[in-house]
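Peer 1: Sequence below, structure please.
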Amino acid sequence: MPEDHQIVGESHGEPLPTGRVGVRVRLQLSGCPSGRWSSALSANLYREFVGHAAVGHLRLDGIVQGDEIVLDGVEESEAPTLAGTIQRAVDATNKALTREAAPTANVAQEDADAIARQVNRGPETS
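Peer 2: Residues are numbered from 1 along each chain as shown. Now for the predicted structure:
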């Protein structure tokens, strides 16, 4: 099933601890993305930022946390260009994962459900 997420609402800024550069910016997503979507977004952001000198302190690993994009190290000088950059990366991620075939499962859904039911029951007593 294709996975599609959008940025919703306004971004929120938070100061970082003394000694760190920039601020933390949180952007709300329309849902909680999978690890696959999150990794693809990071890759697309890296691609978008190639050649941008002003993003030296921006951390891009693990940027999706729950249903938010969390950017640490955003400096005032780079803030005006981030909206377009992030939106292009989100769009590219959604587009790429829509085109990409869903990964094949290692077992049938019925088998996974049967195992989960066994976990719910716990150990069998005699």
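Peer 1: which stretches of this protein have low pLDDT?
Peer 2: Across the chain, residues meeting the criterion (pLDDT under 70) sit at 1, 51-57, 99-103, 122-126.
Peer 1: what ranges do the helices span in it?
Peer 2: Using DSSP state H, the helices of the chain run over residues 35-49, 79-99, 109-121.
Peer 1: just the ones you listed: most buried one?
Peer 2: helix 35-49 (a mean of 17; mean count of other CB atoms under 10 Å). The C-beta positions use only the backbone N, C-alpha and C, and glycine is treated the same way.
Peer 1: what sits up against it?
Peer 2: 3, 5, 33, 55, 58, 60-64, 69, 85-86, 88-90, 92-93, 96-97, 103 (CB atoms under 8 Å, 6 or more residues apart in numbering).
Peer 1: separation between Val25 and Ala112?
Peer 2: 38 Å (CB to CB, to the nearest Å).
Peer 1: what does Gly19 give?
Peer 2: From Gly19 to Ala112 the distance is 47 Å (CB to CB).
Peer 1: ditto for Ala105
Peer 2: From Ala105 over to Ala112 (counting by CB to CB), the distance is 8 Å.
Peer 1: who's in contact with the closest residue to Asp72 other than its chain neighbours?
Peer 2: Of all residues not flanking Asp72 in the chain, Arg59 sits nearest, at 4.5 Å (CB to CB, 6 or more residues apart in numbering). Counting by CB under 8 Å, 6+ apart, Arg59 makes contact with 71-73.
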